[in-house]
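Peer 1: no FASTA, just this:
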């Protein structure tokens, strides 16, 4: 997955998140913050290692948290983590 595909996946995730009524406000805010962080990271030519590691760890934790309640959302988050890894982010 290249950066363009990752951007599309993030956009799709944002749309899906907007349409979901079953996510509590704090989880929704966390996801929106993480998506913003990822957008910022992939827009940089050389993001800092701490910045990348923190965002990836948070995404993985949220994916696990949502695995039983929101499997599609969890799967999308896992795909993003995988894509970030493949891009070296």
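Peer 2: Looks like it came in fine. Keep in mind that what you see is a predicted model, and the values were worked out from it rather than measured. Residues are numbered from 1 along each chain as shown.

Peer 1: give me the element the nearest residue to residue 7 once chain neighbours are set aside is part of.
Peer 2: The shortest distance from residue 7 to any non-neighbouring residue, by CB to CB, 6 or more residues apart in numbering, is to residue 42 (7.2 Å). (Each C-beta comes from the backbone N, C-alpha and C, glycine too.) Here residue 42 sits within helix 25-43, counting by DSSP states H and E.

Peer 1: next secondary structure after that helix?
Peer 2: The helix or strand immediately downstream of helix 25-43 is helix 49-66, counting by DSSP H and E.

Peer 1: now the angle from that next one to helix 25-43?
Peer 2: Helix 49-66 and helix 25-43 are oriented at 140 degrees to each other (axes from the mean of the first three to the mean of the last three CA atoms, to 10 degrees).

Peer 1: for helix 49-66, packing partners?
Peer 2: Contact partners of helix 49-66 among helices and strands, from 3 or more CB pairs under 8 Å, 6 or more residues apart in numbering; DSSP states H and E: helix 25-43, helix 71-86.

Peer 1: can you name every helix or strand that the longest one contacts?
Peer 2: Under the contact criterion of 3+ CB pairs under 8 Å, 6+ apart, the helices and strands touching helix 25-43 comprise helix 3-19, helix 49-66, helix 71-86.

Peer 1: counting contacts, what elements does the last one pack onto?
Peer 2: Read it as helix 71-86. If you count contacts as 3+ CB pairs under 8 Å, 6+ apart, helix 71-86 packs onto helix 3-19, helix 25-43, helix 49-66.

Peer 1: for the first one, what is the distance to the chain centroid?
Peer 2: Taking the mean of its C-alpha atoms, helix 3-19 sits 9 Å from the chain's own mean (CA atoms, centre = their mean, to the nearest Å).

Peer 1: buried residues in that helix, which are they?
Peer 2: For helix 3-19, the neighbour count (16 or more other CB atoms under 10 Å) marks 6, 9-10, 13, 17 as buried.

Peer 1: what of the last one?
Peer 2: Using 16+ other CB under 10 Å as the burial criterion, the residues of helix 49-66 that qualify are 52, 55-56, 58-59, 62-63, 66.
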